[in-house]
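Q: A predicted structure for the sequence below; I have some questions about it.
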Amino acid sequence: MTDPLFAQAGPVADGGSVMIIGALSDVGRALARVYGREGHPLILAARRVERLTADVQDLTMRFGVPVRSVELDVLDLAEHAAFLDGLGGLPDTVICVVGLLGRQQEAEKSWVQADLILRTNYLGPVCLLGEIANRMQTRGRGCIIGVSSVAGDRGRASNYLYGSAKAGFTAFLSGLRNRLSRYGVRVVTIKPGFIDTSMTRGMALPPALTAQPAEVAEAIWKAQVQGRDVVYLRPVWRLIMWIIRLMPESLFKKFKI
């Protein structure tokens, strides 16, 4: 049965519903404020859904849009279909901001940690978005936005497990975009560099290269409205990663990055 509050159909400019996967993250919360401000009914999906109660109340009062929270464990692959069935209607836009940086040095020695990094950044999001993509294709419209990372552009010693998962996620989104373009479904890839969040707290991040969650959220909104396919945040990262990708392997090995 379709929930009438979330039955609005149409592109983002027409106020279609938006589901944010990873809504408890700093970027997820910033996205909820941006899309709520623009008048979109919101579905906030997170594993610890009880922590979203205050967010739901604040967004509803602040923007006057329908908001609800739903429990979702992205790593529980067997429950993805049932989760979507229980929404009461497929959202018009789905934004996935799920991610886990992890600790590279620990993950090198513990495949339990490595497995968690790989499943959180690749397997879980890919399986869930794949199921959503199939349903959007059948419906004939929709938008999927995946937040990947510049870390996936080339493997670096400091974070190659995280980077390899993000590389796979970027490739998945690219292939999905190519597949779904003829069915009225858009796929957007967002590639942030450093973001000032709880996940990066304690790291010495260069201010000129570090975006704030609100900045990322605004850029995602604009990318969808403008019909972009791949967006680097901040734009300087496109140049930086272009240079890094062009480095010969013999030279690249000498850099500790």
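A: In hand now; what should we look at?
Q: Assign Val27 to helix, strand or coil.
A: With DSSP: H, G, I helix; E, B strand; the rest coil as the basis, Val27 sits in helix.
Q: Spit out the contact partners of it.
A: Contacts for Val27 were tallied using CB atoms under 8 Å, 6 or more residues apart in numbering; they are Val97, Val147, Ile195, Thr197, Pro213, Val216, Ala217. Yep, even glycine has a C-beta here, placed from its N, CA and C like the rest.
Q: Okay, now the unreliable bits of the chain?
A: 1-15, 202 (pLDDT under 70).
Q: just to revisit the earlier point, ok, so of the contacts of Val27, who is nearest Phe63?
A: Ala217 (13.8 Å; CB to CB).
Q: what's the neighbour count on the closest one?
A: Here the number of neighbours of Ala217 (other CB atoms under 10 Å) works out to 25.
Q: Name the nearest residue to it, sequence neighbours excluded.
A: Residue nearest to Ala217 in three dimensions, not counting chain neighbours: Ala30, with 3.7 Å by CB to CB, 6 or more residues apart in numbering.
Q: And the one you found, which helix or strand is it part of?
A: helix 26-37 (DSSP states H and E).
Q: Give me the buried positions along that helix.
A: By neighbour count with 16 or more other CB atoms under 10 Å, helix 26-37 contains the buried residues Asp26, Val27, Gly28, Arg29, Ala30, Leu31, Ala32, Arg33, Val34, Tyr35, Gly36.
Q: Against Leu233, how distant is the residue lying closest to Cys127 once chain neighbours are set aside?
A: Nearest non-adjacent residue to Cys127, counting by CB to CB, 6+ apart: Leu77, 4.9 Å away. Distance, Leu77 to Leu233, by CB to CB, to the nearest Å: 29 Å.
Q: between the two, which one's more packed in?
A: Counted by other CB under 10 Å, Leu77 and Leu233 do not tie: Leu233 has more neighbours, with 23 against 15.
Q: show me what contacts that one?
A: Leu233 makes contact with Ile190, Lys191, Pro192, Gly193, Ile195, Ala211, Glu215, Val216, Ala219, according to CB under 8 Å, 6+ apart.
Q: Go again with 10 Å.
A: 147, 149-150, 190-195, 211, 215-216, 218-220, 223 (CB atoms under 10 Å, 6 or more residues apart in numbering).
Q: Can you list which of these are found in strands?
A: Val147, Ile190, Lys191, Pro192, Phe194, Ile195, Ala211 (DSSP state E).
Q: burial measure for the fourth one, as a count.
A: To tie it back to what came earlier, the one meant is Pro192. Neighbour number of Pro192 under other CB under 10 Å is 26.
Q: pretty sure it contacts Val150?
A: Yes - with contact defined as CB atoms under 10 Å, Pro192 reaches Val150; the gap is 7.0 Å.
Q: so what sits against both of those two?
A: In contact with both Pro192 and Val150: Tyr232, Leu233, Trp237, using CB under 10 Å, 6+ apart.
Q: ok, Val70 to Ile21 distance?
A: Distance of Val70 to Ile21, given as CB to CB: 10 Å.
Q: can you list residues touching both of the two?
A: Ile43, Leu44, Ala45, Ala46.
Q: Could you report the neighbour count for the first one?
A: Think Ile43. 25.
Q: sec struct for the residue lying closest to it once chain neighbours are set aside, please.
A: Leaving aside its sequence neighbours, Ile43 sits nearest to Met19 (CB to CB, 6+ apart; 4.0 Å). Under three-state DSSP, Met19 falls in the strand class.
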